[in-house]
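Peer 1: Would you be able to build a 3D model of this:
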Amino acid sequence: MEPNASNNMQPDNCLEITPMEVHKVVPPPHRSTIQKLKSRLKETFFPDDPLLQFKRQPLGTKWILAAQYVFPILQWGPNYSFKLFKSDIVSGLTIASLAIPQGISYAKLASLPPIVGLYSSFVPPLVYAVLGSSRDLAVGPVSIASLILGSMLRQEVSPINDPLLFLQLAFSSTFFAGLFQASLGLLRLGFIIDFLSKAILIGFMAGAAVIVSLQQLKSLLGITHFTKQMGLVPVLSSAFHNINEWSWQTILMGFCFLVFLLLARHVSMRKPKLFWVSAGAPLVSVILSTILVFAFKAQHHGISVIGKLQEGLNPPSWNMLHFHGSNLGLVIKTGLVTGIISLTEGIAVGRTFAALKNYQVDGNKEMMAIGLMNVIGSATSCYVTTGAFSRSAVNHNAGAKTAVSNVVMSVTVMVTLLFLMPLFQYTPNVVLGAIIVTAVIGLIDFPAACQIWKIDKFDFVVMLCAFFGVIFISVQDGLAIAVAISIFKILLQVTRPKTLILGNIPGTDIFRNLHHYKDATRIPGFLILSIEAPINFANTTYLKERIVRWINEYETEEDIKKQSSIRFLILDLSAVSAIDTSGVSLFKDLKKAVENKGVELVLVNPVGEVLEKLLRADDARDIMGPDTLYLTVGEAVAALSSTMKGQSSSNV
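Peer 2: Model (predicted):
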């Protein structure tokens, strides 16, 4: 043996490893292909195991539980009391005072007749009260869905030149939105909407809030000829190119009521107990402005008003739905986009308030409830509705106990539709614009944006892409760009998984990341790597190249230090949750590659599916042999160090 080789085995150059018991790696219990498929499908589509409550129950009880699952009202309805009703009626009347002006405003935002906004605040809440599982969700039109619906349909149909067709397409888009939402819930495919990450939603909501607010310049400035485009540049260009149309009377009224609404919102935010201030401010604004316009005949002095609204309850609209023709693709696309956005908002709002009151909201049931709500709404002159954050916050703060608050709100809107519609004839459009601006300002979440910047810079870039895409291109394109970047991030994580080099924490058998734990030390003759992702066809080439590069870098460093070269390559597979055939081939190819360098491949703790597939593929047991498979890194290093010492002694 060469002198320098014997020196390399001296104790002062080698970490002493305490002998320890080596535990056998046990393969997982055998399961048939059917059992594996059943388990995978259950985890994919039924992670909450909704059928668990039916086990070991008599047939009659199962039918009752099934009815309660489909109609949650049957679960809490029998225990409903007058005490709960007192709380619900207060919250229902409170959100009705907010829903009536918002319904009219959001319908105009969607380029629909204002009466449609009230129709959409009557039928959908009744449907949700029967099918929904949230106690706090207040249902109705929302600003973002209204904006998207109007902007997408206006690209091909003018609401001014062809109002009937535009209305038909809006109802048809609502039908497809509801059908898509209900299908997601029925097929339990809710994980699809998880592609809209928090960063995307924050950027998207903020961008949409800016666009919605800028669109109200038409009402706030009294401009007659205003662009229908949604981008920041066209909107500002249109506003400043039509300065001659600005009305000082409109600007003065809009400024006064906007300040009033913002102050009311500020008061309620600073003192949550005064929630009724911001809740009632929109209705107070509508009443005061209507009285002022009527008293001073302001409609003859440059202030535009809503005009006469149709009285009566929702007329049927199933005969207006379009299931064929040249616009079918448009309504399906519009329904898909508005359905995803409104569903995401509704479920997020419902879960937020459920967490505050410590109860559960079933996401799939919510999808079916919101979907059926929109399908029924499309046949009763309603457009896309969901759970609105502003109204739900008011509902929560007002002390809502059950979904009966939605029923109270719906009844209040019904009374308005039947008897109070003439009162809105002189309501100025500028006040509706101020109400919309005040409502959407809350969608701009600066603290959340700062938190994202602090935690994850890539997510911050995604958020900015969504924001700037919405304000400079279009609402749907901005959303699509942000989703595409997020998917790219996921693909990057899949194709470039993390590989870490591990070292021993002195005095223990614990091995951790060398770049994280500065006191961790390398063990001469060993290169210990950890793979922290599933191994599949998308990353096997990268992993092989990266591991070979680790070996080359390690040997270069050891040559410089005049220490021993690598004897063992240990791969810690504890974090590898899945593997495919390409991943199995990786280990065979890697074994051949490292053997050419005189290095032995050792695997540590392959779990579950990974161990099972490796055992099946390794008929010759050259990869999964007793000396190449260990339960922990500590046991592997201890056993292999003893082997190295034994070989060194025999060589000497």
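
Peer 1: C-alpha from now on. contacts and neighbour counts both.
Peer 2: Noted.

Peer 1: Just checking, which helix or strand of the chain averages the lowest pLDDT?
Peer 2: helix 3-8 (a mean of 40; mean pLDDT, DSSP states H and E).

Peer 1: what's the following helix or strand after that one?
Peer 2: For helix 3-8, the succeeding helix or strand toward the C-terminus, using DSSP states H and E, is helix 33-45.

Peer 1: buried sites along that next one?
Peer 2: By neighbour count on 16 or more other Cα atoms under 10 Å, the buried set for helix 33-45 is empty.

Peer 1: What of stretch 228-248?
Peer 2: With the criterion 16+ other Cα under 10 Å, stretch 228-248 contains buried residues 228, 229, 230, 231, 232, 235, 238, 239, 245, 246, 247.

Peer 1: Of the residues you listed, which belong to helices?
Peer 2: Among the buried residues of stretch 228-248, the members falling in helices (DSSP state H) are 232, 235, 238, 239.

Peer 1: pretty sure the second one is in contact with residue 215, am I right?
Peer 2: This points to residue 235. Yes: distance between residue 235 and residue 215: 6.9 Å, which falls inside the contact criterion (Cα atoms under 8 Å).

Peer 1: where along the stretch 351-500 of the chain do the strands fall?
Peer 2: 386-387, 499-504 (DSSP state E, counting those that start in this stretch).

Peer 1: Now mean pLDDT and mean neighbour count too, for those, in a markdown table please.
Peer 2: Supplementary listing: the strands of the stretch 351-500 of the chain in a markdown table, determined by pLDDT from 0 to 100; neighbours: other Cα atoms under 10 Å:
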| stretch | mean pLDDT | mean neighbour count |
| --- | --- | --- |
| strand 386-387 | 91 | 28 |
| strand 499-504 | 90 | 22 |
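
Peer 1: okay, those strands in CSV with distance to residue 168 next?
Peer 2: Shown next, in CSV, are those (distance: least, Cα to Cα, whole Å):
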stretch, distance to residue 168
strand 386-387, 20
strand 499-504, 56
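
Peer 1: Out of the ones you listed, which gets nearest to residue 565?
Peer 2: Each of the strands of the stretch 351-500 of the chain has some distance to residue 565 by Cα to Cα; the shortest is strand 499-504, at 16.0 Å.

Peer 1: Relative to the whole chain's centre, how far out is that closest one?
Peer 2: 34 Å (Cα atoms, centre = their mean, to the nearest Å).

Peer 1: And for residue 93, the neighbour number?
Peer 2: Residue 93 has 22 neighbouring residues, counting by other Cα atoms under 10 Å.

Peer 1: so which strand or helix has it?
Peer 2: Per DSSP H and E: helix 82-109 holds residue 93.

Peer 1: mean confidence for that helix?
Peer 2: This predicted structure assigns helix 82-109 an average pLDDT of 89.

Peer 1: Break the chain down into its structural domains.
Peer 2: Following automatic domain parsing, one finds the domains of the chain at 84-490, 496-651.

Peer 1: Format those domains as a markdown table; extra columns: distance to residue 73.
Peer 2: Putting those into a markdown table (distance: least, Cα to Cα, whole Å) gives the following:
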| stretch | distance to residue 73 |
| --- | --- |
| domain 84-490 | 5 |
| domain 496-651 | 41 |
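
Peer 1: So which of those domains has the densest surroundings on average?
Peer 2: Most buried of the domains of the chain by mean neighbour count (mean count of other Cα atoms under 10 Å) is domain 84-490; its value is a mean of 21.

Peer 1: What's the end-to-end length of that one?
Peer 2: With Cα to Cα, to the nearest Å as the measure, the ends of domain 84-490 fall 46 Å from one another.

Peer 1: now do stretch 414-423
Peer 2: Distance between the two ends of stretch 414-423: 15 Å, counting by Cα to Cα.

Peer 1: Now do it: distance to the chain's middle.
Peer 2: In terms of Cα atoms, centre = their mean, the centre of stretch 414-423 is set 38 Å apart from its chain centre.

Peer 1: ok, and what's touching that stretch?
Peer 2: Where contact means Cα atoms under 8 Å, 6 or more residues apart in numbering, the residues beyond stretch 414-423 that reach it are 118, 122, 290, 308, 309, 310, 311, 312, 313.

Peer 1: now with 7 Å?
Peer 2: 122, 308, 309, 311, 312, 313 (Cα atoms under 7 Å, 6 or more residues apart in numbering).

Peer 1: From those residues, pick the one nearest residue 527.
Peer 2: Sorting the contacts of stretch 414-423 by how near they are to residue 527, with Cα to Cα, puts residue 122 at the top with 68.1 Å.

Peer 1: closest one to residue 201 among the strands of the stretch 351-500 of the chain?
Peer 2: Taking Cα to Cα, strand 386-387 is the member of those nearest to residue 201, at 15.6 Å.

Peer 1: packing partners for the closest one?
Peer 2: In this structure, strand 386-387 packs against strand 139-140, helix 328-357, with contacts taken as 3 or more Cα pairs under 7 Å, 6 or more residues apart in numbering; DSSP states H and E.

Peer 1: Turn these into JSON lines, columns for mean pLDDT.
Peer 2: Compiled in JSON lines, these are given as follows (pLDDT from 0 to 100):
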{"stretch": "strand 139-140", "mean pLDDT": "92"}
{"stretch": "helix 328-357", "mean pLDDT": "88"}
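
Peer 1: about what we covered before: tell me the two of the buried residues of stretch 228-248 that are most distant?
Peer 2: Pairwise over the buried residues of stretch 228-248, using Cα to Cα, the maximum falls at 231 and 247, 23.7 Å.

Peer 1: these two touch, right, residue 464 and residue 205?
Peer 2: No: using Cα atoms under 7 Å, residue 464 makes no contact with residue 205, being 11.3 Å away.

Peer 1: Low-confidence stretches in the stretch 1-150 of the chain?
Peer 2: Segments of the stretch 1-150 of the chain classed as low confidence (criterion: pLDDT under 70) are 1-20, 43-51.

Peer 1: Phi and psi next, for residue 134.
Peer 2: When quoted as degrees, to the nearest 10, the phi and psi of residue 134 stand at phi -90, psi 140.

Peer 1: now it: how far from residue 353?
Peer 2: The value you get for residue 134 to residue 353, if Cα to Cα is used, is 8 Å.

Peer 1: Repeat that for residue 379.
Peer 2: Computed with Cα to Cα, the distance linking residue 379 and residue 353 is 30 Å.

Peer 1: do residue 642 as well
Peer 2: With distances taken as Cα to Cα, residue 642 is found 59 Å from residue 353.
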